[in-house]
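Trainee: fold the following for me, if possible:
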Amino acid sequence: MSKKLPQLIVILGPTASGKTGLSLSLAQNFNGQIISADSRQIYRGMDIGTDKTTDSDIPHHLIDIANPDEEFTLSDYQQAAFKIIESEPTKLNFLVGGTGLYISAIVDNLQIPAVKPDEKLRSKLQKMSSKKLLAELKKLDPVSAQKIDPQNKRRLIRAIEVCQVTGQPFSEQTTKGEPRVEALQIGLDVPREKLYTRINQRVDEMITAGLVDEVKNLLAKGYSKDLPAFSGIGYKEIISYLEKEISLDEATELIKRNTRRYAKKQLTWFRRDKNIRWVKNYQEAEKLVENFLPLN
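Mentor: Residues are numbered from 1 along each chain as shown. Okay, here's the model as predicted:
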């Protein structure tokens, strides 16, 4: 008799689609806990710019687990997430976020290349802009260049590193393994115009909530502005403002534009997965979860 796999509910979608609210309601209703699938929320002190959840009685995992100057790889994330999923039999786990690669690492049990960091190569690549890194990756591995967020320098550098060290495309080395979870993937379907309005509102709220001071405080602690953690949308634009390259209004508009572009890329990534069940509201999601659970 085959071993019963842990059940996992995945709540995914583009930024500002309402994943947090939906996941909290579902976790409350189904005695669940939340595992973050957000590659930025892992960093301590980066709260406003990553829109971390606050004031919740629901247990949350894989938030605030690394300092901005610490390396935290996809493999690290995968190991940490599986440890939680496979050691919490009494709780229904909800994997929640918009980082497609994090979600795929768990749902598809990605077999991640075991290539040790090449510090000399990384130091050289770190000096390159995201645009140049993307152009370099396109030459080495066009498939990965299509999939990786063009603003995520850390992921671009890692993909180039694996390609150069092994002599093979990164995309051909990251394959699916035997499933370790039985997953129900629920995607939030929000009309594009409504999504963009939410994004714009959220950015305004972040500025009002103190995003500028958050970035100031992190830099004051001695963290370098060149760290991969600061390549995320919201932080790099505010750093440009603090260095007097642009005004705060210009920084705010850039964050809105870049976030909208990122949301579009997230949707392109998720739409490729035919296993995702798209919903428009809580009721539709709740019905999917109810139908999923009794079958096992």
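Trainee: what about the helices in the stretch 101-250 of the chain?
Mentor: Ranges of helices in the stretch 101-250 of the chain, per DSSP state H, counting those that start in this stretch, are 119-126, 130-140, 142-147, 153-166, 170-173, 192-209, 211-220, 235-242, 248-271.
Trainee: in a markdown table: those, plus mean neighbour count.
Mentor: For glycine as for every other residue, the C-beta is placed from the backbone atoms N, C-alpha and C. Converted to a markdown table, those look like this (neighbours: other Cβ atoms under 10 Å):
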| stretch | mean neighbour count |
| --- | --- |
| helix 119-126 | 12 |
| helix 130-140 | 16 |
| helix 142-147 | 18 |
| helix 153-166 | 22 |
| helix 170-173 | 19 |
| helix 192-209 | 16 |
| helix 211-220 | 17 |
| helix 235-242 | 21 |
| helix 248-271 | 18 |
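Trainee: in CSV: these, plus mean pLDDT and distance to Gln283.
Mentor: Below are those laid out as CSV (pLDDT from 0 to 100; distance: least, Cβ to Cβ, whole Å):
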stretch, mean pLDDT, distance to Gln283
helix 119-126, 91, 47
helix 130-140, 94, 40
helix 142-147, 88, 33
helix 153-166, 91, 36
helix 170-173, 86, 38
helix 192-209, 98, 18
helix 211-220, 98, 34
helix 235-242, 98, 36
helix 248-271, 96, 21
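Trainee: export those to a markdown table and tack on distance to Phe82?
Mentor: As requested, these are arranged in a markdown table below (distance: least, Cβ to Cβ, whole Å):
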| stretch | distance to Phe82 |
| --- | --- |
| helix 119-126 | 26 |
| helix 130-140 | 28 |
| helix 142-147 | 22 |
| helix 153-166 | 20 |
| helix 170-173 | 20 |
| helix 192-209 | 31 |
| helix 211-220 | 30 |
| helix 235-242 | 29 |
| helix 248-271 | 22 |
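Trainee: so which of the ones you listed gets nearest Thr20?
Mentor: helix 192-209 (11.1 Å; Cβ to Cβ).
Trainee: just want the angle from that closest one to helix 248-271.
Mentor: Going by axes from the mean of the first three to the mean of the last three Cα atoms, to 10 degrees, helix 192-209 is angled at 140 degrees with respect to helix 248-271.
Trainee: using PDB, write out every CA atom in helix 192-209.
Mentor: The C-alpha coordinates for helix 192-209 follow below in PDB (Å, rounded to 0.1, in the frame of the first residue of the first chain):
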ATOM      1  CA  ARG A 192      -6.600  43.200 -14.800                       C
ATOM      2  CA  GLU A 193      -8.000  46.800 -14.400                       C
ATOM      3  CA  LYS A 194      -9.100  46.000 -10.800                       C
ATOM      4  CA  LEU A 195      -5.800  44.400 -10.000                       C
ATOM      5  CA  TYR A 196      -3.800  47.400 -11.300                       C
ATOM      6  CA  THR A 197      -6.000  49.700  -9.200                       C
ATOM      7  CA  ARG A 198      -5.300  47.600  -6.100                       C
ATOM      8  CA  ILE A 199      -1.600  47.700  -6.800                       C
ATOM      9  CA  ASN A 200      -1.600  51.500  -7.100                       C
ATOM     10  CA  GLN A 201      -3.500  51.800  -3.800                       C
ATOM     11  CA  ARG A 202      -1.200  49.400  -2.000                       C
ATOM     12  CA  VAL A 203       1.900  51.300  -3.100                       C
ATOM     13  CA  ASP A 204       0.400  54.600  -1.800                       C
ATOM     14  CA  GLU A 205      -0.400  52.800   1.500                       C
ATOM     15  CA  MET A 206       3.200  51.500   1.800                       C
ATOM     16  CA  ILE A 207       4.600  55.000   1.400                       C
ATOM     17  CA  THR A 208       2.100  56.400   4.000                       C
ATOM     18  CA  ALA A 209       3.000  53.500   6.300                       C
END
